[in-house]
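> kindly return the folded structure for what I paste below:
(4 chains)
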2 protein chains.
Amino acid sequence: MSQEHEAAGTIEDRLMQRFGTLTPTERLLAGHLTRNFPVAGLASMTYLAKEAGVSTPTVLRLVQKLGFRGYPEFQAQLRNEIEARLESPLSKHARWTDGVPQTHILNRFADAVLANLTRTLSRIDHADFDACAEMLADPKRRVLVTGGRITHALADYLVTQLGIVRPGVSALPSQSSAWPSALLEMRPGDVLIVFDIRRYERATLQLAEMAAERGAEVVLITDPWISPISAYARFRFAAQIEVPSAWDSSTALMVLIETLLAAVQELNWPQAQDRMTRLEALYERASMFRRGKG
Amino acid sequence: MSQEHEAAGTIEDRLMQRFGTLTPTERLLAGHLTRNFPVAGLASMTYLAKEAGVSTPTVLRLVQKLGFRGYPEFQAQLRNEIEARLESPLSKHARWTDGVPQTHILNRFADAVLANLTRTLSRIDHADFDACAEMLADPKRRVLVTGGRITHALADYLVTQLGIVRPGVSALPSQSSAWPSALLEMRPGDVLIVFDIRRYERATLQLAEMAAERGAEVVLITDPWISPISAYARFRFAAQIEVPSAWDSSTALMVLIETLLAAVQELNWPQAQDRMTRLEALYERASMFRRGKG
DNA sequence: CACACTCTGAAAAATAATTGACAGACTCGC
DNA sequence: GCGAGTCTGTCAATTATTTTTCAGAGTGTG
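Below is the predicted model:
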């Protein structure tokens, strides 16, 4: 069903719906607005314009594109929405999808994921975390990543993103028959990142063992039951993975990955930035891009 | 810092605290303010005065008794409080890793991710969501999945997991040169799931367009700025992706995927369960074949 | 009942915000 | 390259809002 919600809808909806039709500067503003929603819109137009880095007429034009006659009308609507939001049971999950019973899969799942995340994050030993990030930021070490049946997609993601920030990152081949030759190339001080959850695979364990023997630093990303690889790991991070389904959630793993990535990126920002701009240029040249800002 | 703000605390607290020292008309105003807190305070002083049935100087005097230099300062403080209140209760900072400054990347990132998640989940149109899950649960439709430079890992994850639950799921080849032949095989009613965020790629847009022309149902998973593919999509889901880093977070996308997976799995649980046990058995045999584990 | 005092709102003055008109900058198609 | 068209900020006019001033109304006291 459904693209008829055009005319009305909440301000947030309208912003998203019309984002495509906005001009570059207006997108700048729309971005700022959604990022700091809704409070940013409560300030005066002048202030909002300054914060977003645009001029006041741009603010006015955007607001008019959203269907309001003027800024005051926009603010009135915004206040109404805030009122509605604040009045609904604000303690619990009032922010999940309204109009759906609490037993709907959406709500049950959202609850579980949120709980997983808070637990996972609060369990991180920050000293370990910092040390691990520092190790991963060292460009002299090469980094190999491997995952299991389910987690290989996450390993892949990590390789892609970490590979943007620093050189020498690669994925281990997916067939374990090809691992020995990869191990042979490994130097002491190199890093092996292993994803290993539930159904721990024996081949992965052996891989970690051999890597550790060859002097590689093993980083283990696992579940709360802790893979046996832990024995060979210099760093280990456990993510909560249980959700109301027959399989395990990878969301907390994803957050772990991204948090590490953020830390590594922050640690050697100059190089990372340099790599990113160069990479960007290469991509730019390689394919035709839509115009527009990121 | 010399003088004011001796009375700290939230505006509501201050109102209560000083209620006793107020004059009759000021109490009228204070009552109105607490009854319609906090939205009443966001309007202009003139409007607020009229609503409360007092004059504008009275408003100003009350606000000054509360310790503010003027009405604008009062409103700024009010906005801050609203912002704090609108933040997810879960992102109350106390939960994150203690002993680390709030500015540590771990905390900043955790905050951002949590906010993204609540935003993303609360934004899902549940009717759309249900309809989409039902469509994906239909075993007669084949499902193709494709992603971009960064999102291909997510597409991969979706294929792996959805492929466990139902038959006929595959990833589109990664080179766009191989897409035409894949399109040729597509039948009306088949589903194309497209991940498309920021830097929207032109080739992906064309793919979606052609698929839609051939009668395929397009499901778009995108960012808040909404990929232009939206025009061809039967269903579209937007995930918040901004985090304190130079790249975009995929966590919210991951949650979207998993929530959909959970819904699909729930919809045809018997078949899914059957497939899962059979698959399990196959993996068991395969690993024994490789030299087994206990 | 006058006096001192406080409280209150009307109106004016000061300040800030909103909006429209315009012109330079930029992009795109040719 | 060049013109048509679009975008965007500067500026000024208009409008609204905040703040000050001040006089009258209310209150309680001696």
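
> does residue A:207 really touch residue A:183, like I thought?
Yes. The pair residue A:207 and residue A:183 passes the contact test of CB atoms under 8 Å, sitting 7.4 Å apart. (C-beta placed from N, C-alpha, C; glycine too.)

> who has more neighbours, those two?
Shown here are residue A:207 and residue A:183; by other CB atoms under 10 Å in any protein chain shown, residue A:207 has more neighbours (25 against 16).

> need the three-state assignment for that one.
Local secondary structure at residue A:207 is given as helix here, using DSSP: H, G, I helix; E, B strand; the rest coil.

> enumerate every residue touching it.
Residue A:207 makes contacts with A:146, A:172, A:176, A:179, A:183, A:192, A:194, as judged by CB atoms under 8 Å, 6 or more residues apart in numbering or on different chains.

> state the distance from it to residue A:189.
For residue A:207, the distance to residue A:189 equals 18 Å [CB to CB, to the nearest Å].

> for the contacts of residue A:207, work out which two are farthest apart.
Taking CB to CB as the measure, the contacts of residue A:207 reach their widest spread between A:176 and A:192, a distance of 13.9 Å.

> which of these two has more residues huddled nearby?
Looking at residue A:176 and residue A:192 with other CB under 10 Å, you find the greater number of neighbours at residue A:192, namely 28 against 16.

> quick one, phi/psi of the more buried one?
Backbone torsions of residue A:192, given as degrees, to the nearest 10, read phi -120, psi 120.

> thought it was touching residue A:216?
Yes. Contact status for residue A:192 versus residue A:216: in contact at 4.9 Å, counting by CB under 8 Å.

> now do the shared contacts for the two.
By the contact definition CB under 8 Å, 6+ apart, residue A:192 and residue A:216 are jointly contacted by A:144, A:186.

> all strands for the stretch 1-150 of chain A, in order.
Counting by DSSP state E, counting those that start in this stretch, the stretch 1-150 of chain A has strands at residues A:143-146.

> so, low pLDDT: which residues of it?
The model of the stretch 1-150 of chain A has pLDDT under 70 over residues A:1-8, A:86-103.

> can you list the low-confidence ranges for the stretch 151-294 of chain A?
Scanning the stretch 151-294 of chain A with the threshold set as pLDDT under 70 gives A:281, A:283-294.

> go with 90
Within the stretch 151-294 of chain A, the stretches with pLDDT under 90 are A:164-167, A:172-189, A:197-215, A:222-233, A:236, A:238-248, A:262-263, A:265-294.

> can you give me the helices for it?
All helices of the stretch 151-294 of chain A, identified by DSSP state H, counting those that start in this stretch, fall at A:152-165, A:179-185, A:202-213, A:251-267, A:269-286.

> how close does residue A:207 sit to DNA strand C?
Distance of residue A:207 to DNA strand C, given as CB to the nearest atom of the strand, to the nearest Å: 50 Å.

> out of everything not next to it in sequence, what's closest to the most centrally placed residue in chain A?
For chain A, residue A:258 is the residue whose C-alpha lies nearest the centre (CA atoms, centre = their mean; 5.4 Å). Take residue A:258 and drop its neighbours on the chain: the residue closest to it by CB to CB, 6 or more residues apart in numbering or on different chains is residue B:249, 5.6 Å away.

> tell me how far that neighbour lies from residue A:143.
From residue B:249 over to residue A:143 (counting by CB to CB), the distance is 21 Å.

> what of residue A:198?
Counting by CB to CB, the gap from residue A:198 to residue A:143 is 24 Å.

> which one's more surrounded, these two?
Applying other CB under 10 Å to residue A:198 and residue A:143 shows that residue A:143 carries more neighbours, namely 26 against 14.

> what bridges to the more buried one?
Under DSSP bridges, the beta-bridge partners of residue A:143 are residue A:169, residue A:191.

> ok, now which ones touch it?
For residue A:143, the set of contacting residues under the criterion of CB under 8 Å, 6+ apart consists of A:136, A:162, A:166, A:168-170, A:190-193.

> what's the burial count for the residue in chain A that DNA strand C sits nearest to?
For chain A, the nearest residue to DNA strand C under the criterion CB to the nearest atom of the strand is residue A:70, separated by 1.9 Å. Under the neighbour criterion other CB under 10 Å, residue A:70 is assigned a count of 12.

> list the contacts of it.
Under the criterion of CB under 8 Å, 6+ apart, the contact partners of residue A:70 comprise A:60, A:63-64.

> residue A:238 and residue A:226 touch, don't they?
Yes. Under the criterion of CB under 8 Å, residue A:238 is in contact with residue A:226, at a separation of 6.2 Å.

> gap between residue A:29 and residue A:71?
In this structure, residue A:29 and residue A:71 are separated by 12 Å, where distance is defined by CB to CB.

> the two - which one has more neighbours?
Remark: of residue A:29 and residue A:71, residue A:29 carries more neighbours, 25 against 19, as counted by other CB under 10 Å.

> any figure for the gap between that one and residue A:18?
When CB to CB is applied, the distance between residue A:29 and residue A:18 equals 12 Å.

> what's the overlap in contacts for these two?
In contact with both residue A:29 and residue A:18: no residue, using CB under 8 Å, 6+ apart.

> for residue A:200, give its distance to residue B:28.
When CB to CB is the yardstick, residue A:200 and residue B:28 sit 69 Å from each other.

> circling back to that earlier point, and residue A:238 and residue A:226? which has more neighbours close in?
For residue A:238 versus residue A:226, the count of surrounding residues by other CB under 10 Å is larger for residue A:238: 22 against 16.

> mind listing what that one touches?
With contacts defined as CB under 8 Å, 6+ apart, residue A:238 is in contact with A:120, A:123, A:222-224, A:226.

> just the buried ones from the residues you listed, in PyMOL syntax?
Selection command for PyMOL covering only the buried members of the contacts of residue A:238, criterion 16 or more other CB atoms under 10 Å in any protein chain shown:
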select buried, chain A and resi 120+222+223+226
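
> which pair in the contacts of residue A:238 has the greatest spatial separation?
Between all members of the contacts of residue A:238, the longest pairwise span (CB to CB) is found for A:120 and A:226 and amounts to 13.4 Å.
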